[in-house]
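> Requesting a structural model of the entry that follows:
(one chain, ligands or ions: 1)
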Amino acid sequence: MGLFDRLVAGFLPVVPKPLVRMVSARYIAGDKLDRAVEVVKKLNLSGALSTLDVLGEHVDRLDDAKATAGAYRRALEEIDAKKLDCNVSVKLTALGLKLDKEFCLETTEALVREAARLKNFVRIDMEDSSCTTDTLDLYRKLRARGHDNVGVVLQAYLRRTAEDVESLLDLSPNVRLCKGIYVEARRIAFQDGAIVNRSFVTLLDRLVDGGAYVGVATHDERLVFEAERIVRKRKLLRSRYEFQMLLGVERGLRDIVMASGHRMRIYVPFGAAWYEYSVRRLKENPAIAGHVVRSLFARR
Ligand code: FDA
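Purely as a prediction, here's the structure:
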């Protein structure tokens, strides 16, 4: 990563909001549900499935968690009304996980129940490692209460994930597998990209082997290659897996994967917390931030 790109990423917090908005427009469907619905409609027309994410995490008040749950309920209703091929992805810290686990369980269960009524599905995103055990516990509780329209996320960079997979397989889980995005200590997460990729492939193999439905969430062409190899080798039906990518990232690879006949789900974030999300995304990939700023100057 070039010094310029890193500098641009470092300065992002002091960049005026309108500029961040311009730069991040490709990653975010807007701050309102109706904009997100338009984006999903277009994705569906292009043959891609979607998952809607109401931006925001770590609420400090239970009232904010209730407001987040309300936003998800409206999203589920709109998905149903507009007959979109789209589910929702939730972050448990936005539903009060760090404030009150029981409240979080009840709130998430109410959402999962509402999704079931509308024949839809709720994916529980995975956050930093301080949330892993609680998130998996809550997922298990929902399954134990008979809810099947709920899935979870596992992160290939965590050292514990191989064991988590074993402990979940008896549930025939619906799992999104990703590398993991949070900065974690070495004792918790592999730091070496090659090991993370080995771990991803090993976990994917085991999940498929164990009968899980897998959402292969990556823009890394090496992992797409490995996933396609596993799908072919096992003659996996299309109904047993899907690929997943983030809105605005690696359009080229997305088109290639879809042209190969695989199902592709695009993660579509929207909501009032667009600014915080944008800064995080751009920090993650300074090359993009640098690129955009370069082109801004070039235009002038
Ligand atoms: P890698 O980081 O190697 O990226 C491959 C290429 O993709 C890069 O070279 C770059 O060009 C491009 N790219 C990747 N990310 C980009 C970005 N943000 N902006 C621009 N270009 C980018 N993590 C987590 O901890 N919990 C979760 O619940 C989820 N959920 C989730 C859902 C979906 C649908 C996806 C695709 C990803 C997640 N993630 C996540 C994030 C995931 O853990 C991971 O950090 C990113 O996907 C980047 O890893 P890749 O596998 O894409 O490889």
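
> Every contact and neighbour count from this point should use C-alpha atoms.
Will do.

> any residues touching stretch 80-93, and which ones?
Outside stretch 80-93, the residues that touch it by C-alpha atoms under 8 Å, 6 or more residues apart in numbering are 40-41, 44, 49-54, 56-59, 72, 75-76, 79, 104, 108, 118, 120-127, 135.

> pLDDT below threshold where in this protein?
In the predicted model, the chain carries pLDDT under 70 at residues 1-13, 280-282, 284-300.

> Walk me through the domains of it.
Following the assignment in automatic domain parsing, the chain carries domains at 1-28+273-300, 30-270.

> Please identify the most buried of the ones you listed.
Mean neighbours per residue, mean count of other C-alpha atoms under 10 Å, is largest over the domains of the chain for domain 30-270, with a mean of 18.

> So that domain, near the ligand or not?
Yes: contact of domain 30-270 with the ligand (C-alpha under 6 Å from any ligand atom) involves 125-127, 153, 178-182, 217-220, 244-246, 249-250, 267.

> need the strands for the chain, in chain order.
Remark: strands assigned in the chain by DSSP state E are 49-54, 86-90, 122-124, 150-155, 174-178, 213-217, 241-246, 264-270.

> Quick check: closest non-adjacent residue to the closest residue to the ligand within the stretch 151-300 of the chain.
Per C-alpha to the nearest ligand atom, the residue of the stretch 151-300 of the chain with the smallest distance to the ligand is Gly180, at 3.2 Å. Excluding the flanking residues, the one nearest Gly180 by C-alpha to C-alpha, 6 or more residues apart in numbering is Gln155, at 4.8 Å.

> The one you found reaches Cys178, doesn't it?
Yes: look at Gln155 against Cys178 with C-alpha atoms under 8 Å: they come within range, at 5.1 Å.

> Could you verify my assumption that Leu33 touches Leu76?
No: using C-alpha under 8 Å, Leu33 makes no contact with Leu76, being 10.6 Å away.

> how about the residue of the stretch 151-300 of the chain closest to the ligand, what does it touch?
With C-alpha under 8 Å, 6+ apart, Gly180 has these contacts: 154-158.

> ok, it to Asp209 distance?
Remark: distance between Gly180 and Asp209 (C-alpha to C-alpha, to the nearest Å) = 22 Å.

> tell me the contacts of the residue in the stretch 1-150 of the chain positioned nearest to the ligand?
Shortest the stretch 1-150 of the chain-to-the ligand distance, computed as C-alpha to the nearest ligand atom: residue-wise this is Asp125, at 3.6 Å. Residues in contact with Asp125 (C-alpha under 8 Å, 6+ apart) are 89-92, 152-153.

> The residues you listed: which two are farthest apart?
Farthest apart among the contacts of Asp125 by C-alpha to C-alpha are Leu92 and Val153. That separation is 11.8 Å.

> so what's in contact with those two at the same time?
Overlap of the contact sets of Leu92 and Val153 (by C-alpha under 8 Å, 6+ apart) consists of 124-125.

> ok, Ala194 to Arg222 distance?
Per C-alpha to C-alpha, Ala194 is found 10 Å from Arg222.

> Revised request: answer the last question for Glu184.
Distance, Glu184 to Arg222, by C-alpha to C-alpha: 23 Å.

> repeat for Lys179
For Lys179, the distance to Arg222 equals 13 Å [C-alpha to C-alpha].

> Could you do Ser130 as well?
29 Å.

> and what of Gly248?
19 Å.

> what do you get for Ala144?
36 Å.

> before we move on, what about Ala212?
In terms of C-alpha to C-alpha, Ala212 sits 22 Å off from Arg222.

> Just confirm Ser24 contacts Lys283, I think it does.
No: the criterion here is C-alpha under 8 Å, and Ser24 misses it with Lys283 at 11.3 Å.

> Now do the shared contacts for those two.
Residues touching both Ser24 and Lys283 (C-alpha under 8 Å, 6+ apart): there are none.

> For the protein, which segments count as helices?
Secondary structure of the chain, counting by DSSP state H: helices at 3-11, 17-24, 33-45, 62-81, 101-117, 132-144, 161-168, 193-209, 221-233, 251-259, 274-284, 286-299.

> now the longest one: how far from the chain's centre is it?
Using C-alpha atoms, centre = their mean, to the nearest Å, the distance from the centre of helix 62-81 to the centre of the chain it belongs to is 17 Å.

> swap in stretch 137-152?
Relative to its chain's centre, stretch 137-152 lies at 18 Å (C-alpha atoms, centre = their mean).

> how long is it end to end?
Stretch 137-152 has an end-to-end distance of 11 Å (criterion: C-alpha to C-alpha).

> what's the nearest residue to Leu171 if we skip its chain neighbours?
Spatial nearest neighbour of Leu171, excluding adjacent residues (C-alpha to C-alpha, 6+ apart): Arg143 at 7.7 Å.

> I'm done for today, thanks for sticking with me.
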